[in-house]
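A.B. asks: predicted structure and sequence below. I'll ask about it afterward.
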Amino acid sequence: MGFPRNIKDQILVDTARHCCVCHRYKGVKVEVHHIEQEALGGENTYENAISLCFDCHADAGHYNPEHPRGTKFSPNELKKAKETWIDLVKKNNIKEPSEPDAFLCQYFVCENYENLIEIDSGDLSKFPVDDPLLIKNEILNFLSLVIKNHPGSYRHGNSWGKSYKSKEDYLVKHPDALVTGKRGAEYPYFEVVRTPTKEELGEYAREDGLLKLMLKYDMPVENISAIVGCYEDACSGIEFQEEYIFRKLWCAFAAITNISEQPLPLDSIEANINVEDNFHPLFLSDGKCRTINLPKMPIKPGSTVVMPIAVILPPLYSLDREEWSSTSIRGLSAQVQVVTHGSVTTRNLKDIYTFGGHIIPLALRYRKLGNICSQEFHPFDLSNMYSIDRHWQCGSYPHLFFMRDNVSYEGELLAHCESMIGEDNFIVPLSVRTILIAEIEDETTEITSIFIDGKLYANNIILNKSEFIEIPVSEFAHIKIVGKYVPYALSNRKVPQGVKRNHMVGQFMFGYSKWPGKGVHGIPALSRFHP
């Protein structure tokens, strides 16, 4: 049956014929789409209608809640995208332009060192756009400097420290260390954190190019690294493991794709530019407005020009990130490349640094029919970007969380039960009313049975990655969990995984606090169970 004509017209007016997801003006190439599929009971009402371009419409149609990785836009995401865009249209009085944009301008942030080496060498084969063309500039030179200073082809951004028999022994050695109790929002996985000395870091700088440069430029130690590694490494049988954490290396790119039906030569970019040979906090509003001339060669339809705009050093701690859609690309041995559309929340921006400054595009100029045309860029602020990450699969036990006033991390479950049945027992602490068992790593957890005070509560539960179970409990109840976990692939046990797990635990806690219907796009997991 489809939407009545009056509802279609109203949606197209309210959205100014733009796509509610990618915010491109598409003219007649925009569709009114069902948020909840009509075949699944979605109604032909204004509330269930959204305007989408052909690309985003296809992505929305691929949504499958049974397969958390690789899914596109869920109904909740589409509802929020619609509300956000219609509010922007009203607030900014956005009108239909005389013609659609000729170029799609997006931002990508590459978070993987191996990928950055490939890009620096001119290999963009794994950059997630068609027919990419790299522009070499000052920002790429700063990225090259870091790469030249790093001795290896892979950079982990962390390193093993010493191991100790207990937390008490560690605090005797380092009385200045901060005990987090695994409840902090920034370091939830770690029990203790501390700031190292320059002398300590100097020992690791020979093996880490970015750390070497940070010390050379006399960046304050507290902004370089924290020893966050005081955690029980059950896989290795170590009671208390220390891990040095260094800042990661990212690089942001502007991607300019020809979405017209004819080849178009670029002319120039007007940009806010602040290029300086040093490390600086991320202030994207400073700098001089200048014009950057671009190669005048015609850009074919579908081709993308990729321009480096900033070498970025994110905070040491677990970032709060909203995730709107995500696609995994396997076939890289034990690694997975993930392209995510999402944002870093504003709480984290104050702790982000750049190396070499930034080039922030404001407007693109191109030639069409002998005339110079102009098209604006949306601002780069890490709140609307595509991130590219490639990481080793990390699979080694499910995780336990307690719900008091807020969710807090308790620790691993079934840590000694890789591919073999075992059990874990614990007593519910004071004031805890709900426990959560979450599968946040690259593995499947098979829970044979859950007992509460000796009585069977649930059995035969399968948790895949990004799934969790909530269990209502009473204070001081005895909980027994019987089961095992099965990794998707062999984990790289030679690589410290504390910082990776800290990120996964922190992201789950942030996402869970927003579930459901708290007014954000991101959701912490695509499935949860209430046995």
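C.D. replies: All right, it came through fine. Quantities reported herein were computed from a predicted structural model and do not represent experimental measurements.

A.B. asks: which residues does the residue lying farthest from the centre of the chain contact?
C.D. replies: No residue in the chain has its C-alpha farther from the mean C-alpha position than Gly370, which lies at 41.8 Å (Cα atoms, centre = their mean). Not one residue lies near Gly370 by Cβ atoms under 8 Å, 6 or more residues apart in numbering. The C-beta positions use only the backbone N, C-alpha and C, and glycine is treated the same way.

A.B. asks: phi and psi next, for it.
C.D. replies: The phi and psi values for Gly370, taken as degrees, to the nearest 10, are phi 80, psi 0.

A.B. asks: what about the longest helix in this structure?
C.D. replies: In the chain, taking DSSP state H as the definition, the longest helix is helix 75-92.

A.B. asks: which is the next helix or strand following it?
C.D. replies: Next helix or strand after helix 75-92 toward the C-terminus (DSSP states H and E): strand 103-110.

A.B. asks: and the longest helix of the chain, which residues are buried?
C.D. replies: By neighbour count on 16 or more other Cβ atoms under 10 Å, the buried set for helix 75-92 is Pro75, Asn76, Glu77, Leu78, Lys79, Lys80, Ala81, Lys82, Trp85, Ile86, Val89.

A.B. asks: my read: the fifth one touches His33, true?
C.D. replies: Spelled out, it's Lys79. No - counting by Cβ atoms under 8 Å, Lys79 stays clear of His33, with 11.9 Å between them.

A.B. asks: identify the residues contacting Lys162.
C.D. replies: Glu242.

A.B. asks: and it, how close does it get to Glu239?
C.D. replies: 12 Å (Cβ to Cβ, to the nearest Å).

A.B. asks: same check, this time on Ile447
C.D. replies: Taken as Cβ to Cβ, the span from Ile447 to Glu239 is 27 Å.

A.B. asks: just Val505 next, same as before
C.D. replies: From Val505 to Glu239 the distance is 20 Å (Cβ to Cβ).

A.B. asks: what mean pLDDT does stretch 137-150 get?
C.D. replies: Averaging pLDDT along stretch 137-150 gives 96.

A.B. asks: hang on, I meant stretch 272-280
C.D. replies: Across stretch 272-280, pLDDT averages out at 91.

A.B. asks: show me how far it is from its chain's centre.
C.D. replies: Stretch 272-280 has its C-alpha centroid displaced from the chain centroid by 25 Å (Cα atoms, centre = their mean, to the nearest Å).

A.B. asks: give me the residues contacting that stretch.
C.D. replies: For stretch 272-280, contacts defined as Cβ under 8 Å, 6+ apart pick out 138-139, 142, 214, 217, 219, 283-290, 292, 313, 353-360, 362.

A.B. asks: next step: those residues restricted to strands.
C.D. replies: 288-290, 292, 313, 353-360, 362 (DSSP state E).

A.B. asks: of Val505 and Glu239, who's got more company?
C.D. replies: Counting neighbours by other Cβ atoms under 10 Å for Val505 and for Glu239 shows that Val505 has the greater number, 22 against 15.

A.B. asks: phi, psi for the more buried one please.
C.D. replies: Here is the backbone geometry of Val505 (degrees, to the nearest 10): phi -60, psi -50.

A.B. asks: pull the contacting residues for it.
C.D. replies: Contacts of Val505 (Cβ under 8 Å, 6+ apart): Pro188, Tyr189, Ser318, His399, Tyr409, Ile440.

A.B. asks: all helices of the chain, in order?
C.D. replies: Listed in chain order (using DSSP H), the helices of the chain are 5-14, 54-61, 75-92, 113-120, 138-149, 167-173, 198-205, 209-216, 498-513.

A.B. asks: let's have those helices in CSV, adding distance to Lys26.
C.D. replies: Shown next, in CSV, are the helices of the chain (distance: least, Cβ to Cβ, whole Å):
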stretch, distance to Lys26
helix 5-14, 10
helix 54-61, 8
helix 75-92, 13
helix 113-120, 30
helix 138-149, 31
helix 167-173, 58
helix 198-205, 51
helix 209-216, 41
helix 498-513, 31
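
A.B. asks: could you flag which of the ones in strands among the contacts of stretch 272-280 are buried?
C.D. replies: Using 16+ other Cβ under 10 Å as the threshold, Leu313, Tyr353, Thr354, Phe355, Gly356, Gly357, His358, Ile359, Ile360 are the buried ones among the ones in strands among the contacts of stretch 272-280.

A.B. asks: would you list these in TSV and tack on pLDDT and distance to Phe108?
C.D. replies: Below are these laid out as TSV (pLDDT from 0 to 100; distance: Cβ to Cβ, whole Å):
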residue	pLDDT	distance to Phe108
Leu313	94	17
Tyr353	92	19
Thr354	94	16
Phe355	96	18
Gly356	95	18
Gly357	92	19
His358	93	15
Ile359	94	14
Ile360	91	14
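
A.B. asks: tell me the one among those residues nearest to Asn459.
C.D. replies: Distance to Asn459, by Cβ to Cβ, is smallest for Leu313 among these, at 47.3 Å.

A.B. asks: ok, that closest one - contacts?
C.D. replies: Leu210, Arg247, Lys248, Leu249, Trp250, Phe279, Ile352, Tyr353, Thr354, Phe355.

A.B. asks: so how far is Tyr187 from it?
C.D. replies: 18 Å.

A.B. asks: equivalent analysis for Arg321, please.
C.D. replies: Using Cβ to Cβ, one obtains 16 Å as the distance from Arg321 to Tyr187.

A.B. asks: more crowded one of the two?
C.D. replies: Tyr187 (27 against 19).

A.B. asks: Ala271 is in contact with Pro361, isn't it?
C.D. replies: Yes - using Cβ under 8 Å, Ala271 is in contact with Pro361, at 5.0 Å.

A.B. asks: contacting residues for the closest residue to Phe508 other than its chain neighbours?
C.D. replies: Ranked by Cβ to Cβ, 6 or more residues apart in numbering and with sequence neighbours excluded, the top spatial neighbour of Phe508 is Ile440, at 5.2 Å. If you count contacts by Cβ under 8 Å, 6+ apart, Ile440 has them with Pro398, His399, Lys465, Ser466, Phe468, Met504, Val505, Gln507, Phe508.

A.B. asks: for Ile440, phi and psi?
C.D. replies: With angles defined as degrees, to the nearest 10, Ile440 sits at phi -120, psi 10.
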